[in-house]
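S.K.: A structural model of the following input is requested.
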Amino acid sequence: MTSAPRRDPRSRGTGPHEGWPVGDSDNDCRLDVLIGNKDGAPLLLRNNSGTGNHWLGLKLEGVNCNRDAIGAEIRWSVNGVIRSRLRNGGGSYLSSHDPREILGAGSAVKIDWVEIVWPQPSGKAQRLVSPPIDRYLHVREEA
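M.R.: Numbering: from 1, shown residues only. Down below sits the predicted model:
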């Protein structure tokens, strides 16, 4: 016995969904999801979760390395605790995620420093000391 797949009543359209890019569509640091609908308009799931945590968003621009800085290592310190992440590219099927990186600071009111190790062939390290928080910064690789 077979049955037709059940349709989620929250979805729009009757067809399958394709592409689920994740990004901060309203620049509030809370990641939103856009669902592509093959047979209709896309559906934006806006993240309206609570506020109170601090953050720093980075848009990296490579000069000597690849322009999107794919492969850059990002480290940051908040109250002496060091965190890190790797700049990845891509997204999901038929979509691409927000290229900006969001660094969390929790309840801390400042980030001590951010260090970016740019991918090869550059491999240079660039440090931002006491960057502003709760905003996005455009960081261009130093030549």
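S.K.: C-alpha only now, for contacts and for neighbours.
M.R.: Fine.
S.K.: Do you have the strands of the chain handy? List them.
M.R.: Ranges of strands within the chain are 22-23, 32-35, 43-45, 54-61, 73-78, 81-86, 101-106, 113-117, 125-129, 136-140, based on DSSP state E.
S.K.: right, and these - which one's nearest residue 16?
M.R.: strand 32-35 (10.2 Å; CA to CA).
S.K.: Quick one: mean pLDDT over the closest one.
M.R.: Averaging pLDDT along strand 32-35 gives 90.
S.K.: possible to save the strands of the chain as TSV with distance to residue 94 and mean neighbour count?
M.R.: Shown next, in TSV, are the strands of the chain (distance: least, CA to CA, whole Å; neighbours: other CA atoms under 10 Å):
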stretch	distance to residue 94	mean neighbour count
strand 22-23	12	20
strand 32-35	11	20
strand 43-45	15	15
strand 54-61	22	19
strand 73-78	26	19
strand 81-86	23	13
strand 101-106	21	19
strand 113-117	29	19
strand 125-129	33	14
strand 136-140	26	15
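S.K.: Among the ones you listed, which comes closest to residue 92?
M.R.: strand 22-23 (9.1 Å).
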